[in-house]
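>>> Predicted model, plus sequence, below.
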Amino acid sequence: MPGPPLRVGTRNSPLALVQTRAFLEQIMAVCPVLRAVDAFREFAITTTGDAVQNRLLADIGGKGLFAREIHEALLDRRIDFAVHSLKDLETELPAGIVLACTLKREDARDALILPGGTADPADPFASLAPGALIGSASLRRQSQLLAVRPDLRVGLIRGNVQTRLARVRGGEFGGSLLALAGLRRLGVQAEAAAIIPTAIMLPAACQGIVGVTVRARDHDLHDLLSAIEDPEAAAVSQAERALLAALDGNCRTPIGGYATLLPGGGLRLEGLTARADGSFLLRRVIEGPARDAAALGAALGAELRADTPADIFG
């Protein structure tokens with residue numbers, strides 16, 4: 001293992017830094033000597049996804065835009081491990097990099113953001129005015145919203161959580177949709193007008209989970225990280241990432257995936273494919289032993305792909 005200080009890479013955003021510091025607190029709680037020797041240094045890295053704010057991710061390169069520069073820093077040995085929002089991490093990592101640890105999942109649901117007031121969680125989209133402009137950069141959210149409210153319009157909104165909240169508060173948009181996990185980690189969950197049940201809006205695969213990558217040959221770091229691995233997050237993320245891999249979607253493909261553990265060692269995985277305009281939406285469920293998480297994800301992905309129009313994956 002590299003000697004201290006260990007260099008921790010992450011995106012240069014307020015949420016990414018909060019997640020990284022929470023991860024470091026967990027590491028130092030199980031290995032207090034690391035705190036005593038001031039063992040870590042943060043390296044905030046601006047990624048392509050953060051630098052380009054006025055275009056859809058699909059238009060600037062698709063998958064991996066929030067991780068590419070971080071991967072490069074890891075392979076170049078400028079950092080020793082990297083902390084990611086797992087939903088932003090591509091399913092096939094560059095050679096020499098592995099996902100070594102997943103942390104306890106925060107609430108995976110999406111939240112409705114309004115300029116003011118609250119909404120009924122049982123029917124959250126009823127609070128949106130007819131024809132309202134909704135800010136989103138997520139085709140997954142857009143497709144599920146328009147499937148229920150085809151009268152609405154969707155405009156591009158990018159940037160960090162605080163920027164998006166400010167644009168809605170300022171009246172630029174009639175509403176937006178954000179991950180509740182990010183709001184909670186930043187301590188601004190009160191900004192949610194409603195928390196949307198997963199039955200109404202299926203989350204993104206691995207939403208709310210933080211993952212840590214390392215170089216494949218750094219076995220000592222693997223051992224260190226194993227002490228804070230969350231078994232439930234590991235199982236559900238394996239299922240959800242296998243679902244994504246089987247669908248082989250891109251940033252133009254609306255895909256949802258959400259797994260939960262069942263009593264007795266089972267796992268339930270729900271997946272979704274859709275058209276961005278909401279005119280097609282398919283949800284399917286599979287259940288089986290949690291030990292078969294990856295196989296369940298692959299099987300559900302194959303089923304969804306077989307029953308989804310081919311052009312959606314174009």
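Yep, it's here.

>>> Could you use CA atoms for every contact and neighbour count after this?
Noted.

>>> For residue 122, give me its contacts.
196-197 (Cα atoms under 8 Å, 6 or more residues apart in numbering).

>>> helix, strand or coil for it?
Each residue gets one of three states, and residue 122 gets coil by DSSP: H, G, I helix; E, B strand; the rest coil.

>>> roughly how far apart are it and residue 199?
10 Å (Cα to Cα, to the nearest Å).

>>> can you give me the strands in the stretch 201-314 of the chain?
All strands of the stretch 201-314 of the chain, identified by DSSP state E, counting those that start in this stretch, fall at 210-215, 255-262, 266-274, 281-289.

>>> so what strands line up beside the last one?
Taking DSSP bridges as the criterion, strand 281-289 sits next to strand 266-274 (antiparallel) in its sheet.

>>> Same check on the first one?
Using DSSP bridges, the neighbouring strands of strand 210-215 in the sheet come out as strand 81-85 (antiparallel), strand 97-102 (antiparallel).

>>> Okay, now the unreliable bits of the stretch 51-200 of the chain?
Applying pLDDT under 70 to the stretch 51-200 of the chain flags the ranges 51-63.

>>> what are the ranges of the strands in it?
For the stretch 51-200 of the chain, applying DSSP E, counting those that start in this stretch gives strands covering 81-85, 97-102, 110-113, 133-135, 153-155, 175-179, 194-196.

>>> With mean pLDDT and mean neighbour count as new columns, can the strands of the stretch 201-314 of the chain be given to me in TSV?
Formatted as TSV, those follow (pLDDT from 0 to 100; neighbours: other Cα atoms under 10 Å):
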stretch	mean pLDDT	mean neighbour count
strand 210-215	97	24
strand 255-262	98	23
strand 266-274	98	23
strand 281-289	98	15
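
>>> Pick the most buried one from the strands paired with strand 210-215.
strand 81-85 (a mean of 24; mean count of other Cα atoms under 10 Å).

>>> What lies in contact with that one?
Strand 81-85 is contacted by residues 7-11, 16, 19-20, 67, 70, 74, 207-215 when judged by Cα under 8 Å, 6+ apart.

>>> switch the cut-off to 7 Å
Contact with strand 81-85 is made by 7-10, 20, 74, 209-214, as judged by Cα atoms under 7 Å, 6 or more residues apart in numbering.

>>> what does the helix or strand encompassing residue 22 contact?
For residue 22, the element it lies in under DSSP states H and E is helix 14-30. Under the contact criterion Cα under 7 Å, 6+ apart, helix 14-30 has outside partners 10, 34-35, 83, 182, 186, 228.

>>> what is the mean pLDDT for that helix?
For helix 14-30, the mean per-residue pLDDT is 93.

>>> Keeping just the C-alphas, turn stretch 209-219 into CSV.
These are the backbone C-alpha positions of stretch 209-219, laid out as CSV (Å, rounded to 0.1, in the frame of the first residue of the first chain):
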residue,chain,number,x,y,z
ILE,A,209,-24.7,4.6,-3.4
VAL,A,210,-21.1,5.8,-3.1
GLY,A,211,-18.4,3.6,-4.7
VAL,A,212,-14.7,3.6,-4.3
THR,A,213,-12.2,2.6,-7.1
VAL,A,214,-8.6,1.6,-6.7
ARG,A,215,-5.9,0.2,-9.0
ALA,A,216,-6.4,-3.5,-9.4
ARG,A,217,-2.9,-4.3,-8.0
ASP,A,218,-3.2,-2.3,-4.8
HIS,A,219,-4.3,-5.3,-2.7
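
>>> Quick one: residues in contact with it.
The contact list for stretch 209-219 (Cα under 7 Å, 6+ apart) reads 1, 74-75, 80-86, 96-106.

>>> sorry, back to before: which one of the contacts of strand 81-85 is nearest residue 40?
Using Cα to Cα, the shortest approach to residue 40 within those belongs to residue 7, at 5.8 Å.

>>> Quick check: that closest one vs residue 83, distance?
Distance from residue 7 to residue 83, by Cα to Cα: 11 Å.

>>> which residues are common contacts for these two?
Here residue 7 and residue 83 have no joint contacts, going by Cα under 7 Å, 6+ apart.

>>> Measure how buried the closest residue in space to residue 142 that isn't next to it in sequence is and give me the count.
Once flanking residues are discounted, residue 142 sits nearest to residue 276: 6.3 Å by Cα to Cα, 6 or more residues apart in numbering. By the criterion of other Cα atoms under 10 Å, residue 276 has 23 neighbours.

>>> Tell me where the protein has helices.
14-30, 33-36, 48-51, 68-75, 139-148, 161-169, 180-185, 219-226, 231-247, 293-306 (DSSP state H).

>>> Of the ones you listed, which stretch is the most buried?
Of all the helices of the chain, helix 231-247 has the most neighbours on average by mean count of other Cα under 10 Å, namely a mean of 24.

>>> Need the residue closest to the centroid of the protein.
By Cα atoms, centre = their mean, the mean C-alpha position of the chain lies nearest to residue 87, the distance being 2.7 Å.

>>> residue contacts, that residue?
Taking Cα under 7 Å, 6+ apart as the test, what residue 87 contacts is 204-207.

>>> If anything else comes up later, I'll come back, but that's it for now.
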